[in-house]
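**Q** Okay, structure incoming, though there's no sequence with it:
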C-alpha cells in the first residue's frame, strides 16, 4: 500500500495538472484525424514521424523514413535524427517544454506530439516513440497512437512515469508558418535556423515571418527573415528586414547584409553607408565588413559601362 | 600576327577584369546560422573546425552502426553544427527507440526463467522454491 502511494506520488506533474489545470484548457481533446501507421519491428520512429507529418499535411510513409532515422547497430532511432528527418520532409520540428501542461496545450491547439517513453524500468529500458493525440481530464487519461494500438488510453500518471524516464522529451512537427503554442523562443529559433538549412527559401521565409511576429525583438529571426527573402529572390524585402534589424540591434552582420543587398540593387550611396556602419560595429564581422566596403568603393570608382542610376542629386 | 597578339591580350585583360567583377558581385550574405552562433558566443575558428570534425565522426560511426554510406552522408548533412556535435557525444548511448515489441521479449524471458526456477532448472529468483 505504502509502495503504491510512493510510486503514485512520483507522478508530480499529473497531480499538479489535475489540481490546477491551465486556464482555458478543454476537458477533452482528441485529434481523430491524425493518421495511424502500424509499426514494423523496431520502427516506432518512422511510424510516429509519419503520423505527425501526415497530420501537418506532409504525406509520408514509414518505409520512406527508415533510411533517415533507423540505426541498425543501435536497433532504433535517435532523437536528434527524428527532428532532422521531420525537417527533411518539409516540416518545422520543435521540441516542447518537458511538462504535462505544455503537452496538453499543444494537443488542445490541434498539434499531435511525438513523445519518447521508456516503457520499462531504467535498469533495462524499452525505448519507444508514440504520438499523443488527445487526453481526457475527467478520466485522467492520455490518448496515444502507439505501436500496435491505434487508440491507446494510458493513465496520465503512468504516462508521466514512462515519459519522465526519457527526460520528458517531446516534439511537434508543423507546417511552415504554424507555431507551437508552448515552445520557447530559444528552441523555436534554433528549429527555424535548422529548417532554413534545407528548406525552400519561401517556406523558410514563411516560418520566420510568423516567428518574428511573435518575437519582434529577436535579432536572429530578423536576420533569418532577410536571408530567406534574399534567397527567394526578393531583394527589396531582404533590404527592409536587414535595415530594420540593423537599426534595432546595431549589429555588424545586419549592416553588412544590408550593404550587400543595397549594392546589388545599385543603390551605392546607401550601400556604402551601411558598409561603413558594419565596419564600425563591434563583433566578429569586421573583416567581411571591410571587404564589402572595399567592393562598394571600387565599384563606385569604376567608370560605368552604361549610365548608372544615381540616387542623389541629378548629374548635370 | 601583332594584331592577333594584341587581340588575345585585350581579350585576356577583359576576361580577368570580368571575373574580377563577378567575384565582387557574388559576395555572400552572412548566414543566419553564423549569426545565431555569434549570439551564443561560438564564433571562433576552432568551433567551426570542431563542427566539421564532429560531422565526419558522426558519419563514420553511423556507417559503423550499419547505415548505408550515402545515407549516412545525407543524414549528417541535414544536421546543424550543434546537432552534429551533440549527436557525436551521444551516438553510442542515447535512447534508440524501437518500440514495445521488445517488451514482449523481455517478458517472455522473465516468465521463462520463473518457470525454469520453479522446475529447479535454474535459480535466478530468490523467492522461488523448486516444486520437486
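**A** All right, it came through fine. Since we're looking at a predicted model, the values are computed, not measured.
**Q** need the contact list for residue B:60.
**A** Taking CB atoms under 8 Å, 6 or more residues apart in numbering or on different chains as the definition of contact, the neighbours of residue B:60 are residue B:72. Backbone N, C-alpha and C define where each C-beta goes, glycine included.
**Q** again with residue A:125
**A** If you count contacts by CB under 8 Å, 6+ apart, residue A:125 has them with A:118, A:165, B:95.
**Q** need those residues in TSV with neighbour count and secondary structure, can you?
**A** Converted to TSV, the contacts of residue A:125 look like this (neighbours: other CB atoms under 10 Å in any protein chain shown; DSSP: H, G, I helix; E, B strand; the rest coil):
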residue	neighbour count	secondary structure
A:118	20	strand
A:165	19	coil
B:95	23	coil
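**Q** Output the contacting helices and strands for the helix or strand containing residue A:240.
**A** Element membership of residue A:240 [criterion: DSSP states H and E] is helix A:235-249. The contact analysis (3 or more CB pairs under 8 Å, 6 or more residues apart in numbering or on different chains; DSSP states H and E) places helix A:235-249 against helix A:219-231, helix A:252-264, helix A:268-280.
**Q** Also compute the angle for that helix relative to helix A:252-264, please.
**A** Put simply, helix A:235-249 runs at 150 degrees to helix A:252-264, going by axes from the mean of the first three to the mean of the last three CA atoms, to 10 degrees.
**Q** and the angle for helix A:235-249 with helix A:268-280?
**A** Computed with the same axes, to 10 degrees, the direction of helix A:235-249 lies at 40 degrees from that of helix A:268-280.
**Q** tell me the mean pLDDT over helix A:235-249?
**A** The predicted model gives helix A:235-249 an average pLDDT of 96.
**Q** Now do the one residue sitting closest to the centre of chain B against residue A:60, distance only.
**A** Most central residue of chain B, judged by C-alpha distance to the mean C-alpha position with CA atoms, centre = their mean, is residue B:76 at 3.7 Å. Counting by CB to CB, to the nearest Å, the gap from residue B:76 to residue A:60 is 21 Å.
**Q** Which helix or strand in chain B has the lowest average pLDDT?
**A** Ranking every helix and strand in chain B by mean pLDDT, DSSP states H and E puts helix B:2-25 at the bottom, with a mean of 54.
**Q** continuing past it, what's the next helix or strand?
**A** Heading C-terminal from helix B:2-25, the first helix or strand you meet, by DSSP H and E, is helix B:32-39.
**Q** Is that next one positioned near chain A?
**A** Yes. Helix B:32-39 is in contact with chain A by CB under 8 Å from any CB of the partner chain, via B:32, B:33, B:34, B:35, B:36, B:38, B:39.
**Q** about what we covered before: check whether the residue nearest to the centre of chain B really touches residue B:59, as I assumed.
**A** Yes. Using CB atoms under 8 Å, residue B:76 and residue B:59 qualify as a contacting pair, with a distance of 4.6 Å.
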